[in-house]
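Peer 1: okay, structure incoming, though there's no sequence with it:
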């Protein structure tokens, strides 16, 4: 048998996380969609990360409204 393959080191992720923690609070609109797009991560992960930053007090919640279809206006019928 050949020698064992070297064990993978996952150091890049930790460095990237630290960088992103510094970077995200400086975005103008901080939404899961914006964070997902800029950091190339899934929206569900971006949403969880934003909740973490919110709990740490690094960002402030402005509106809790989530996207999707807005309620239909009754006057239009």
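Peer 2: That came through, no problem. Everything numeric here is computed off the predicted structure, so don't read it as measured data.
Peer 1: low-scoring stretches of the chain, by residue?
Peer 2: Applying pLDDT under 70 to the chain picks out residues 1-22, 67-77.
Peer 1: again, 80 this time
Peer 2: 1-30, 63-77 (pLDDT under 80).
Peer 1: quick one: the helices in it?
Peer 2: 11-23, 32-39, 43-56 (DSSP state H).
Peer 1: what number of residues lie near residue 50?
Peer 2: As a burial measure, residue 50 scores 19 neighbours (other CB atoms under 10 Å). No exception for glycine: its C-beta is placed from N, CA and C like everyone else's.
Peer 1: tell me how far it lies from residue 63.
Peer 2: 13 Å (CB to CB, to the nearest Å).
Peer 1: same question for residue 23.
Peer 2: Separation of residue 23 from residue 63 (CB to CB): 22 Å.
Peer 1: please apply the same query to residue 41.
Peer 2: Distance of residue 41 to residue 63, computed by CB to CB: 22 Å.
Peer 1: the two: who's more crowded?
Peer 2: residue 41 (15 against 6).
Peer 1: who's in contact with the closest residue to that one other than its chain neighbours?
Peer 2: Nearest residue to residue 41 in three dimensions, chain neighbours excluded: residue 35, at 7.3 Å (CB to CB, 6 or more residues apart in numbering). The contact partners of residue 35, taken as CB atoms under 8 Å, 6 or more residues apart in numbering, are 24, 27, 41, 46, 49-50.
Peer 1: try 10 Å
Peer 2: 20, 23-24, 27, 29, 41, 43, 45-47, 49-50, 53 (CB atoms under 10 Å, 6 or more residues apart in numbering).
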